[in-house]
Each structure stands twice: as structure tokens, then as C-alpha cells.
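Colleague: Quick one, what's the 3D model for this:
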Amino acid sequence: MLLLDSGETARDPFHRPADPDGPLPRKTALLIPLHRLEEAAQLDGLHLLGVEIVAGEEPETLQGWLPRLDLVAVRLHAAGDGRAFTAARLLRQRMGFTGQLRATGCFHVDQLSYLRRCGFDAFELSDEHSAATAAASLRCYTATYQPWLPA
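Modeller: Okay, the predicted model is just below:
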């Protein structure tokens with residue numbers, strides 16, 4: 001399930017290949033791993049392109065691709081792994097990415113407001129997360145100590 005930073009749920013328009021290294025499906029919106037980016041960019045009929053990086057992959061590798069990307073998903077390996085937070089700040093502030101920035105993988109609902117403050121605007125919820133609980137966690141904090149600092 002996809003939760004937007006507004007607290008609303010949405011249908012995910014992006015399709016992931018069933019096999020990350022197999023043939024790319026003929027879909028109009030693809031979410032592919034970083035190593036398939038060159039290949040996916042050559043597909044005809046592709047209207048939306050998203051790439052998923054894993055925490056630890058350098059977001060700077062996407063610099064030349066950002067104008068073409070509609071979505072960057074960052075997969076967290078563990079709830080305590082802060083590299084995704086850093087990747088989001090780099091993508092938004094230093095690199096100027098304006099498309100959807102989605103958190104995927106292992107995170108807790110109580111981290112959603114922090115993820116949002118780093119630049120994420122969508123969250124891929126696992127089956128263990130209730131959409132209502134996750135949406136409530138986004139409304140939990142209405143004030144912050146530190147302002148958002150633009151680049």
C-alpha cells in the first residue's frame with residue numbers, strides 16, 4: 001500500500017519487474033533497480049520512470065537522470081539505518097529532485113514524520129503497517145525544533 005505525505009493512501013501506478021534481472025515488462029510506468037536504468041530508458045511507450053536505490057548506493061549516480069525520473073525510491077535495510085534519510089536530503093536539497101521520493105523497505109511508522117522532514121513524500125507500507133496508524137503518525141507532530149533548510 002502506498003501512503004502519501006498528506007496521509008491519504010493511493011494506488012501505485014508503477015510496476016516492478018517480477019525478476020529484477022529478467023526482461024522488463026511492457027508497462028507505461030516502471031520502477032526498476034538502479035542497475036537497469038540505462039536499459040529502461042530505451043524502452044518505447046514508457047511514460048513514467050522510477051528507480052529504486054538501496055541505502056548505501058550513492059544518490060549522486062542519479063544526477064544526470066533526475067530530469068527524466070518521476071520517482072526515486074530508497075529502500076531501507078533496517079529501521080535503524082540512517083543512510084536513507086541522508087539520501088533523501090541530498091536528492092531534495094543538493095540535487096534539486098522534484099519528483100516523488102518514496103521510502104520502501106524496513107521502517108517503523110513512528111519514523112514517518114522524520115522521513116517526511118528529510119524529503120520523502122510517499123511511503124510504501126508493508127502488510128504489518130496499518131494505513132490508519134501510519135497516517136496518524138504523520139499528523140502526530142505539528143511543530144519542529146529545526147526548520148527545513150533549503151539548499
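
Colleague: C-alpha from now on. contacts and neighbour counts both.
Modeller: Noted.

Colleague: residue closest to the middle of this protein?
Modeller: Against the mean C-alpha coordinate of the chain, by CA atoms, centre = their mean, the closest residue is residue 102 at 1.8 Å.

Colleague: for the protein, what spans make up the helices?
Modeller: 37-41, 83-89, 112-118, 131-139 (DSSP state H).

Colleague: Ok, which of those comes nearest residue 13?
Modeller: helix 37-41 (16.2 Å; CA to CA).

Colleague: just to revisit the earlier point, could you identify which of the helices of the chain is most buried?
Modeller: Ranked by mean neighbour count, the helices of the chain are led by helix 83-89 with a mean of 21 (mean count of other CA atoms under 10 Å).

Colleague: Show me what that one is packed against.
Modeller: Secondary-structure packing of helix 83-89 (3 or more CA pairs under 8 Å, 6 or more residues apart in numbering; DSSP states H and E): strand 71-76, helix 112-118.

Colleague: Go ahead and name everything in contact with the helix or strand bottoming out on mean pLDDT in the chain.
Modeller: Least confident element among the helices and strands of the chain, by mean pLDDT, DSSP states H and E: helix 131-139 (a mean of 85). Residues external to helix 131-139 that are found in contact with it (CA atoms under 8 Å, 6 or more residues apart in numbering): 1, 3, 5, 6, 7, 8, 9, 109, 110, 112, 113, 125.
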